[in-house]
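> Just a sequence and a predicted model for now, questions to come.
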Amino acid sequence: MQKEQVIVALDIGSSKISCVVATSDNSKISVIGAHSFASKGIKDGVVNNIDKAVSSISEVLSKTEMMSGHAISKVAVTISGTHIESLNSHGVVAVSGQDSEISAEDIMRVNEAARAISLPSSREIMHVIPREYIVDKQRGINDPIGMSGVRLEVEANIIHGSQTSLKNLTKCIQQVGVEVDQLVYAGLASAEAVLTDTEKELGTILIDMGGDTLDICIYSQGSAVYSAVLPIGGQDITNDLAIGLRTLLEDAEKVKLKLGTESDLAEKEVLIDKSGKESRIPKGEMYVGDLHIGMETVPKNLLNDIINRRLEEAFKFVQIYVKKAGYDKKLPAGVVLTGGASLTKSIEKIASDVFNLPVRVGKPIGVTGLVDQIQGPQSSAVVGTIKFVSNKIKSDTFSYNKRSGNIGKLGGKVISFLKSFLP
């Protein structure tokens, strides 16, 4: 039985920094602590002020330690930013076993062969994701361990990022006295948290909309096949509202959040002030007097028009990238939206109109424990990082057991050989 592991995930976004501490074993992942804090020193997913970033990271780690009762010494960190790109690669090796049986070592070697691609020295590989294995020209194999063959190939998706950006973020965390265990692409992490196995198999587009960036991760036949990051996020919607309403960014953010919680069916028409005086809200207007932004009402049509235009533009850009990747009209499971900006009003309808596919907003699934603070789509990346690391631990343990089994078989053959010389 797998020993219980403590996993710490740190999601460093442009609008907020989130940390989750969880325990993981063979049966479940249980959250024991979580905290979020306003992000400073981070813009478009990369560090632009080390001192401010270190201060924000230190604050959220300190509060999470207090809540979980666990001293944090190493973390898995989510990474976003337009510097992240992906490409497909091919690896091939000869099966090394005497019986031509594919082992865990052969899998490691062929994955390393796929990793050996020509990239500029300024780039760093973050993930090598096997799409399919090929054994003696037989395609579509997900797990070839134990199969017989002479030639082993892999089709893999390589996710890589700017070495400078990755080093700067790592440096900020190390200055807090915490080790970076691994870096995880935010789109990949969110997919782990919200996508079902059926969606991954049939083909789907995962769109994680954050404050400054939009992460794209396309899945087909069970694995990630394409990733990209666009410089579009919820902050762009706020900027547009501030211009349209001629108000401050902070006030525009308040209006955006209130619109997201407004019900179209239960429109508030009558207000009663402290003196008991009644006043009616004109039809089609949203009351914002309680936000203290210098106006009593704003036209809902104006707000919806500003937001819808920006979202439509963002999704059309995503559509261009999907076509560029060669997956247009090949993803029947549709689109899954997540991230903080996915809470924007009418976002599902707009996405459905643009992509002409089924659309849903994805929330984190598959974890237990203190989940109250991580139930919304804004927590998908940090929860997904916990699941990503947990799955990797299980995979590494499985590979180790496979290698141990092979060593045991070899030892048994040696012993039998030596016994043949005994009287």
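It's in.

> So which residues of the stretch 101-250 of the chain form strands?
123-135, 138-141, 151-162, 179-185, 204-209, 214-220, 223-230 (DSSP state E, counting those that start in this stretch).

> tell me the most buried of the ones you listed?
Comparing these by mean neighbour count (mean count of other Cβ atoms under 10 Å), strand 204-209 comes out on top with a mean of 29. C-beta: built from backbone N, CA, C; applies to glycine.

> so what secondary structure elements neighbour that strand?
If you count contacts as 3 or more Cβ pairs under 8 Å, 6 or more residues apart in numbering; DSSP states H and E, strand 204-209 packs onto helix 186-194, strand 214-220, helix 300-325, strand 335-338.

> Could you check how far the shortest one is from the centre of its chain?
Okay, so that is strand 335-338. Averaged C-alpha coordinates place strand 335-338 at 11 Å from its chain's average position (Cα atoms, centre = their mean, to the nearest Å).

> Pass me the low-pLDDT residue ranges in the stretch 201-350 of the chain, would you?
Counting by pLDDT under 70, the ranges of the stretch 201-350 of the chain that qualify are 262-279.

> Can you give me the pLDDT of Ser395?
Predicted confidence (pLDDT) at Ser395: the value is 73.

> and it, helix, strand or coil?
When the structure is split into helix, strand and coil by DSSP: H, G, I helix; E, B strand; the rest coil, Ser395 lands in helix.

> Number the chain from 609, please
Taking 609 as the first residue, the last one we looked at is Ser1003.

> what's around it, how many residues?
Per other Cβ atoms under 10 Å, the neighbour tally for Ser1003 reads 11.

> any idea how far the closest residue in space to Gly902 that isn't next to it in sequence lies from Ile813?
Excluding the flanking residues, the one nearest Gly902 by Cβ to Cβ, 6 or more residues apart in numbering is Thr855, at 7.0 Å. Look at Thr855 and Ile813: by Cβ to Cβ, to the nearest Å, they are 34 Å apart.

> One more: Val718?
From Val718 over to Ile813 the distance is 28 Å, taken as Cβ to Cβ.

> same thing with Val762?
Going from Val762 to Ile813 by Cβ to Cβ gives 24 Å.

> Over to Ser644?
When Cβ to Cβ is applied, the distance between Ser644 and Ile813 equals 26 Å.

> Reformat the helices and strands packed on strand 812-817 as JSON lines; add distance to Ile781.
Compiled in JSON lines, those are given as follows (distance: least, Cβ to Cβ, whole Å):
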{"stretch": "helix 794-802", "distance to Ile781": "16"}
{"stretch": "strand 822-828", "distance to Ile781": "20"}
{"stretch": "helix 908-933", "distance to Ile781": "30"}
{"stretch": "strand 943-946", "distance to Ile781": "24"}
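
> looking at those, which is buried most?
Per-residue neighbour counts averaged over each of those give the maximum for helix 794-802, namely a mean of 29 (mean count of other Cβ under 10 Å).

> and that helix, how far from the chain's centre?
Computed by Cα atoms, centre = their mean, the chain-centroid distance of helix 794-802 equals 3 Å.

> Next: stretch 790-798.
Worked out by Cα atoms, centre = their mean, stretch 790-798 lies 5 Å from the chain centre.

> Stretch 628-636 now?
18 Å.

> mind saving the C-alpha coords of that stretch as CSV?
C-alpha atoms of stretch 628-636 as CSV (Å, rounded to 0.1, in the frame of the first residue of the first chain):
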residue,chain,number,x,y,z
VAL,A,628,-3.2,24.2,-1.1
VAL,A,629,-1.8,21.5,1.2
ALA,A,630,-3.2,17.9,0.7
THR,A,631,-2.5,14.4,1.7
SER,A,632,-2.6,11.6,-1.0
ASP,A,633,-2.7,7.9,-0.9
ASN,A,634,-4.0,5.1,-3.2
SER,A,635,-7.6,5.9,-2.4
LYS,A,636,-8.1,9.6,-2.1
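
> Good, we can wrap up now.
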